[in-house]
Structure formats: structure tokens, C-alpha cells
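> Turn this into a model:
(one chain, ligands or ions: 2)
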Amino acid sequence: MIIAPECAACARPLERPSDGPVCDSCWAAIRRFTPPLCECCGDPLPSGPDLLTSASREAPRVCEHCRRHHRIIDRARAIGPYDDRLRDIIHAFKYDKRRTLGGRLARLLAESGRDALEGADAVVPVPLHWTRRHDRGFNQAALLAAGLGLPLCHALRRTRRTRSQVELPAGKRQLNVDGAFALAWRYRWPWLRVMRPSRMPRLDGVTVVLVDDVSTTGATLDACARVLKAAGVREVRALTAARVVSRPR
Ligand SMILES: [Zn+2]
Ligand SMILES: [Zn+2]
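Ligands and ions are numbered 1, 2, ... in the order given. So this is what the prediction gives:
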């Protein structure tokens, strides 16, 4: 008996399994962020008469939270909210190890993140702890980053194994990632750069784009950005496949 392969997101039989493990209607059902977006964090802004009044028309469109807090990430973008089909596809990519999904997710991410990629020098994937990368066999953030058309720079390493931010209550997320990232060893030992300069883009004075699969409160991205800025990076931006929007702050 031949069993038709099922879509990794909706579990219906795939019409064209050779096109990949997710069906076309699931890809088409992804809810994407559409303007107006906060220029800083990328959250959807309320569109309505209040945005069109007097001063706000010329002012940079920045959400309430970004107006009140200093942000270390200058610009963040995502394909869409972390729910429905996008979440199913990311789960299939990450936990079911359907790594071929990375290419198409990266294409969508490049579209949604055009203004974050513009003028940037390199993409830096958020690292997994080596034990987790070993278990999974790949780092999903690195696969996404590799499809964005900029030099890939493994500048960071995770110093300890942390719990998934999605599992944790908001109040615990900051603590979970505090001090969990450091510069990759090759950047700690400058003589390695002399040996393999092409594999080590410089960090001082450049603009980099951090890449991850999901951002929840942004605590992971902020922790990575702090390490990069301390190493001399001028501007840090961020792209994540999905973003949790209605997060408590
Ligand atoms: Zn499907
Ligand atoms: Zn914002």
C-alpha cells in the first residue's frame, strides 16, 4: 500500500510532495505583518484616524513601547505573528527537523525584512547551545540566515543551555538569557582571523542583522545585541520568522 505523504502543517495529503513538506494552501494561509509597522520593533501599529492627526503624520512611526524605552536593536522585522500556519510551519521546520522548509521561510523573511537587510554588512544567527545543536542536527536560525543573501557570520556562541523562551512566563525570560551569550571563540582569539579572514567578517563599525526563528519578548535578541555592540558592531537589526505580538510587557 502506498501512503501519500501528509503536509507537515495541516496533515492533509500532499498533492505535490516533490514541492516540499508543506502544502501550497498552508503557505498561502500565513498571516503576514502589513504596514503600518513600528519602524523600530516592527509591531503592527494601530491604523486609524489618530495616526493621521497633525504631528504624528511627520513623526517617525514608532509604537508606544519603543517611544518610552531605549532599544538596543535598531530595527526588527518578522514575516508575521507566531500563530496559526506560520507556527505550524516553524514547528515542522524546527522540531520535526524538516530542514528543507528553511529555504522558503528565508525567502519570505527576505521579503518582509527588506528594510532591515538594506545596507547591512552581515547576518548573524542566534546560536544554539552546542548540545542542543547536536541533538537537533542543525541550527534553524543559521539555515534561515544562510538564505538571506548576505555574508553569514557566526559571531556568537551560547555559553549555557537555556530553556525555550516560548515556554516561560514573561517575567522569567530576561533572567533565562542573561549572560547566556558570548563572542564565538574565533572572535576571542584574533590570531584566528589572520588564518581564515574570509570566514570571519570584521565586527567593528559594521551593521549586522541578527536572525532567529521566533522572538517572544525580544530578550534573546537584546542579549545577543549587547555582546555584538560590546565587540564594536555599530548597528544591530533583527529578523525573525515569527514574532509574538500580544506579549505582556
Ligand atoms: Zn498544509
Ligand atoms: Zn515598537
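
> For the protein, which element, helix or strand, carries the lowest mean pLDDT?
The helix or strand with the lowest mean pLDDT-type score in the chain, counting by mean pLDDT, DSSP states H and E, is helix 191-195 (a mean of 65).

> ok now the very next helix or strand once past it, how far from the chain's centre?
Counting by DSSP states H and E, the element after helix 191-195 in chain order, helix or strand, is strand 207-215. Distance of strand 207-215 from its chain centroid, counting by C-alpha atoms, centre = their mean, to the nearest Å, is 4 Å.

> Same check on stretch 175-184?
17 Å.

> Equivalent analysis for stretch 156-165, please.
Mean-position distance between stretch 156-165 and its chain equals 15 Å (C-alpha atoms, centre = their mean).

> repeat for stretch 227-235
Between the mean C-alpha location of stretch 227-235 and the chain-wide mean there is a distance of 18 Å, by C-alpha atoms, centre = their mean.

> What of stretch 206-221?
Taking C-alpha atoms, centre = their mean, one finds stretch 206-221 lying 5 Å from the centre of the chain it belongs to.

> Now do the buried residues in stretch 70-83.
For stretch 70-83, burial by neighbour count (16 or more other C-beta atoms under 10 Å) applies to 71, 73, 75-82. From N, CA and C alone the C-beta is placed, and that goes for glycine too.

> ugh, typo on my part, it should be stretch 95-107
Burial within stretch 95-107, assessed by neighbour count using 16+ other C-beta under 10 Å, is assigned to 98, 101-102, 104-106.

> In contact with Gln165: list those residues for me.
Applying C-beta atoms under 8 Å, 6 or more residues apart in numbering, one finds that Gln165 lies in contact with 173, 176-177, 214, 216-217, 219-220.

> What's the separation between it and ligand 2?
Between Gln165 and ligand 2 the distance, using C-beta to the ion, to the nearest Å, works out to 19 Å.
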